[in-house]
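Participant: Kindly generate the corresponding structure for this input.
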Amino acid sequence: MNIMDAIRPLLSGNALESASRFVGEGRDSTRRALETAVPASIVGIADNASDGRSAEGLLDQFRRGAVPQLDPADFGKTLSDPTASEGLSRGGGGFLQGIMGNKFGSLVDGIAGSSGVGRGAASKLLGLAGPLVLGVIGKHAMTKRLDGRGFARYLGGQRSLAAALLPASIGAILGMGQGGYAHHLEHAPKRGVAKWVPWALAALAVILGLSWLSQRRERRRRAERPGVERISRPEVTRDVDRPPPATPQASPEMAKPQAPQATAPAGPEEAQPVAGADVSAKLERILESKSGQPQRLELKGVEFAAGSAVLDEDAKASLSELGEALKAHPDAKVKIEGHADATGSTEGNMRLAEARAKAAANFLVQEEAISADRVSSEGKGAAEPRMSNTTETQRGANRRVEVLVQP
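Facilitator: Modelled structure (predicted):
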């Protein structure tokens, strides 16, 4: 299933009119923004699930309903409900920000600049594009019962199609150099291009293939000569986040686990997960202790899938309990601290931890109506594990947020 073909009908007619009203921009500029936001979302999601393991992680999120999805058929209906559309846009934006990190803000600016919409409108439209893309790929993966490798191959093919639709400026933001193939041909002579370009590419592929086979045969002949020692060369792998060779790193929470690390103390008082009425009781005990020192409170159920900063229903339920407790104690202030497991790069895990902390803090402010001056957030990366990172269960326990109560 071609993702762009499934979403393209929304770029005209009543659906486009609804999107235009939602962001308060003209139809043409809204269409241009969506024409960039949708393929950019495809590229970002595909890059985050580019191998079997990371794709399996995304599939698991689909199975648990932990990703924001929207069926294209429901686009117009959703936009007719201001509350639903705002919530979906925020959720989609949060998901994309969680997987793109710092690129997300640059992408919003790029979409605004290339389409002519305001930055706020660009952010909202990108937040809608993400769930639309996720709705299409999730339905395809579940219908076809794809495994991790099959899902990664499908996303890779869709990425190639989407990349060809992006202008060079957006491609550069997403780390694609000079943008897609379509951009390179944008100002080329129109006559004859369609005839010779495919043949030239085919000829180039044949030449490269023959050259590779020739070099391979020559290496085999040299290796089979008597008296000649065969030298094995280390395999070179692509790793965007790789630091100096002595300490190789991998992408956040998606690579092979590193050596087990000792469990670090949680802080002034080690957090013990609580839920339900225990949240209010624990908060009250902390406030009544009058120790003058901040103390930690960890909520049960607020854990995350690998590489994700999306709050699932269990996480939202626990945060709602915290919201009720904060309403009962209006003088209390909290800082939400986000954590990651230790299987990724230090920089990537820090970005992911910050996104998780912000997701939880934003939920308290936006959904529970807690004053923003009472809630702050901070990412801790993988520096303060609750458990070692030996097994997936332990790593899952480390992908969490904790609450630092300020007396």
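Participant: Specify the local secondary structure of the residue nearest the centre of the chain.
Facilitator: The centroid of the chain falls nearest to residue 99 when counting by C-alpha atoms, centre = their mean (1.9 Å). At residue 99 the chain is in helix, as set by DSSP: H, G, I helix; E, B strand; the rest coil.
Participant: Quick one: neighbours of the nearest residue to it once chain neighbours are set aside, just the number.
Facilitator: Residue nearest to residue 99 in three dimensions, not counting chain neighbours: residue 48, with 4.2 Å by C-beta to C-beta, 6 or more residues apart in numbering. In this view, the C-beta of every residue, glycine as well, is placed from N, C-alpha and C. Residues near residue 48, counting by other C-beta atoms under 10 Å, number 22.
Participant: got it, and the one 10 residues further on?
Facilitator: With neighbours defined by other C-beta under 10 Å, the count for residue 58 comes to 29.
Participant: List the residues that contact the nearest residue to it once chain neighbours are set aside.
Facilitator: Distances taken as C-beta to C-beta, 6+ apart place residue 49 nearest to residue 58, at 4.5 Å, with adjacent residues excluded. Remark: with contacts taken as C-beta atoms under 8 Å, 6 or more residues apart in numbering, residue 49 is in contact with 55, 57, 58, 151, 152, 155.
Participant: Would you mind measuring from residue 162 to residue 171?
Facilitator: Distance, residue 162 to residue 171, using C-beta to C-beta, to the nearest Å: 11 Å.
Participant: And for residue 11?
Facilitator: Separation of residue 11 from residue 171 (C-beta to C-beta): 20 Å.
Participant: Same check on residue 368?
Facilitator: Taken as C-beta to C-beta, the span from residue 368 to residue 171 is 39 Å.
Participant: And for residue 68?
Facilitator: 25 Å.
Participant: now residue 345
Facilitator: For residue 345, the distance to residue 171 - C-beta to C-beta - is 23 Å.
Participant: what would the contacts of residue 49 look like in CSV with pLDDT, secondary structure and distance to residue 358?
Facilitator: Converted to CSV, the contacts of residue 49 look like this (pLDDT from 0 to 100; DSSP: H, G, I helix; E, B strand; the rest coil; distance: C-beta to C-beta, whole Å):
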residue, pLDDT, secondary structure, distance to residue 358
55, 91, helix, 26
57, 92, helix, 21
58, 93, helix, 21
151, 93, helix, 28
152, 92, helix, 28
155, 94, helix, 26
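Participant: most neighbours, which of these?
Facilitator: residue 58 (29 neighbours).
Participant: pretty sure it is touching residue 147, no?
Facilitator: No: counting by C-beta atoms under 8 Å, residue 147 is not a contact partner of residue 58; they are 12.0 Å apart.
Participant: residues contacting residue 173?
Facilitator: Contacts of residue 173 by C-beta under 8 Å, 6+ apart are 103, 106, 107, 110.
Participant: What ranges does the stretch 301-407 of the chain have for its strands?
Facilitator: Taking DSSP state E, counting those that start in this stretch to define them, one finds strands in the stretch 301-407 of the chain at 333-338, 375-379, 400-406.
Participant: distance of residue 91 from residue 113?
Facilitator: Per C-beta to C-beta, residue 91 is found 25 Å from residue 113.
Participant: In terms of neighbours, single out the busier of the two.
Facilitator: residue 91 (20 against 13).
Participant: Per-residue confidence at the closest residue to the more buried one other than its chain neighbours, what does it come out as?
Facilitator: Residue nearest to residue 91 in three dimensions, not counting chain neighbours: residue 68, with 3.9 Å by C-beta to C-beta, 6+ apart. Per-residue pLDDT puts residue 68 at 90.
Participant: any idea how far residue 68 lies from residue 36?
Facilitator: To residue 36, residue 68 is 20 Å away according to C-beta to C-beta.
Participant: Equivalent analysis for residue 4, please.
Facilitator: 12 Å.
Participant: Please compare these two by neighbour count and tell me which comes out ahead.
Facilitator: Per other C-beta under 10 Å, whichever of residue 4 and residue 36 has more neighbours is residue 36, with 25 against 18.
Participant: Okay, that one and residue 118: tell me how far apart.
Facilitator: Counting by C-beta to C-beta, the gap from residue 36 to residue 118 is 15 Å.
Participant: And stretch 362-374, what's buried?
Facilitator: Of the residues in stretch 362-374, 362, 363, 364, 368, 370, 374 count as buried by neighbour count, 16 or more other C-beta atoms under 10 Å.
Participant: How about stretch 16-33?
Facilitator: Buried-residue list, stretch 16-33, by 16+ other C-beta under 10 Å: 16, 18, 19, 20, 22, 23, 25, 29, 30, 31, 32, 33.
Participant: Alpha carbons of it, in CSV - could you do that?
Facilitator: C-alpha atoms of stretch 16-33 as CSV (Å, rounded to 0.1, in the frame of the first residue of the first chain):
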residue,chain,number,x,y,z
LEU,A,16,-8.6,20.3,2.6
GLU,A,17,-11.2,23.0,3.5
SER,A,18,-11.5,21.5,7.0
ALA,A,19,-7.8,21.5,7.5
SER,A,20,-7.6,25.0,6.3
ARG,A,21,-10.2,26.2,8.8
PHE,A,22,-8.5,24.2,11.6
VAL,A,23,-5.2,26.1,11.2
GLY,A,24,-6.7,29.4,10.0
GLU,A,25,-4.7,29.5,6.8
GLY,A,26,-5.6,29.6,3.1
ARG,A,27,-6.4,26.5,1.1
ASP,A,28,-3.3,26.7,-1.1
SER,A,29,-0.8,27.3,1.6
THR,A,30,-2.4,24.5,3.8
ARG,A,31,-2.2,22.1,0.8
ARG,A,32,1.5,23.0,0.3
ALA,A,33,2.2,22.5,4.0
